[in-house]
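Participant: Coordinates for the following, if possible.
(one chain, ligands or ions: 2)
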Amino acid sequence: MTDAPAILEVRGMIVRYGAKTILDGVDMTVQQGEIRVILGGSGSGKSTLLKGILGLTDVVGGKATMLGQELTGLSEKARGLLMQRIGVLFQNGALFGSLTVGENIALPLREHRKLPEGAIAELVRMKLAQVDLGHAENLYPSELSGGMRKRAGLARALALDPEILFCDEPSAGLDPLTSAEMDNLILTLRDRLKMTVVIVTHELASIEAIADSLIMVGGGKVIAEGPMAEVRGRGIVAVDEFFARKTKTAAKQEMSVADLFGLTPAKGGA
Ligand SMILES: Nc1ncnc2c1ncn2[C@@H]1O[C@H](COP(=O)(O)OP(=O)(O)OP(=O)(O)O)[C@@H](O)[C@H]1O
Ligand SMILES: [Mg+2]
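Facilitator: Numbers count the residues shown, from 1 in each chain. Ligands and ions are numbered 1, 2, ... in the order given. Below you'll find the model as predicted:
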């Protein structure tokens, strides 16, 4: 995987909101076909990093190169074309409430592909099947569960067959089972379609299941970046604390379930 070409390169990215510097020279390199997880505390600038890359917030310094093109230098038209090669799943799914699920997915296809209606309908059905929502085509977003809404958002992000998929907390607020389904879906996309995935998540189970590599941000800087096992093996305090804290929380929950039933966890047992 390390020999794969870089599909996304961020160099020295600086983002400020008013007097507050959120990103203070962030570098990130993502290789083609990898699943990259962005980690960091709440408010550390993970969503801001995605927005900076996607041109959704002003970047005051640095540059980002994606799919071989430097984003800052692009005309609006070139930028629009590049964005058609990118899929984005926002934190809340961001579906249009007045359109059905099917119409939400048809929207980018109608806008960017000159296709007959029959072909669009066929593609919509394919995308919905991909996220296991074939039955929900005619429902409105308000009629969906949280997990269904995320999958519908994912189907829309996949409408134009993107080469890179960005996801901001795709499993936040989902139950563990639905969250695991989301992980499997993302793994399938990468394995079958060779998609590169950049994903913000706090969910330890997700990280363990899908991450090839991670980047941790904090204090506006990159605390660590690299392949999952390598970064975790470096003895970086913030990284160790993140994984240890999660593990402790899980252990505590197990203990309290055992306490509840008056059980003593078996020594050395799983
Ligand atoms: N549009 C904005 N205007 C002003 N400040 C903003 C704006 N967007 C984000 N911020 C601030 O920038 C900081 C980073 O926000 P960001 O949303 O990137 O954090 P995050 O790491 O994604 O957090 P979370 O894990 O809670 O989603 C926060 O202090 C936030 O208040
Ligand atoms: Mg965020």
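
Participant: In space, what's closest to Ser142 - neighbours in sequence excluded?
Facilitator: Gly97 (6.3 Å; C-beta to C-beta, 6 or more residues apart in numbering). For glycine as for every other residue, the C-beta is placed from the backbone atoms N, C-alpha and C.

Participant: wait, isn't the one you found in contact with Leu139?
Facilitator: No. Judged on C-beta atoms under 8 Å, Gly97 makes no contact with Leu139 at a distance of 11.7 Å.

Participant: Can you pick out the residue with more neighbours from those two?
Facilitator: More crowded of Gly97 and Leu139, by other C-beta atoms under 10 Å: Leu139, with 15 against 8.

Participant: My guess is that one contacts Thr100. True?
Facilitator: Yes. Using C-beta under 8 Å, Leu139 is in contact with Thr100, at 6.3 Å.

Participant: so where's the protein shaky on pLDDT?
Facilitator: 1-4, 92-93, 246-270 (pLDDT under 70).

Participant: got the residues of it near ligand 1?
Facilitator: 17, 22, 40, 42-48 (C-beta under 6 Å from any ligand atom).

Participant: repeat that for 8 Å
Facilitator: 17-18, 20, 22, 40-49, 51, 57, 91, 168-169, 200, 202, 217 (C-beta under 8 Å from any ligand atom).

Participant: Can you go through those residues and name the buried ones?
Facilitator: Listed as buried from the residues of the chain next to ligand 1 are 22, 40, 44-49, 51, 57, 91, 168-169, 200, 202, 217; burial here means 16 or more other C-beta atoms under 10 Å.

Participant: Among the residues of the chain next to ligand 1, which are located in strands?
Facilitator: Members of the residues of the chain next to ligand 1 lying in strands (criterion: DSSP state E): 17, 20, 22, 168, 200, 217.

Participant: List the beta-bridge partners for the first one.
Facilitator: In this structure, Tyr17 has beta-bridge partners Lys20, where bridges are defined by DSSP bridges.

Participant: same thing with the fifth one?
Facilitator: For Val200, the beta-bridge partners are Ile38, Asp168 (DSSP bridges).
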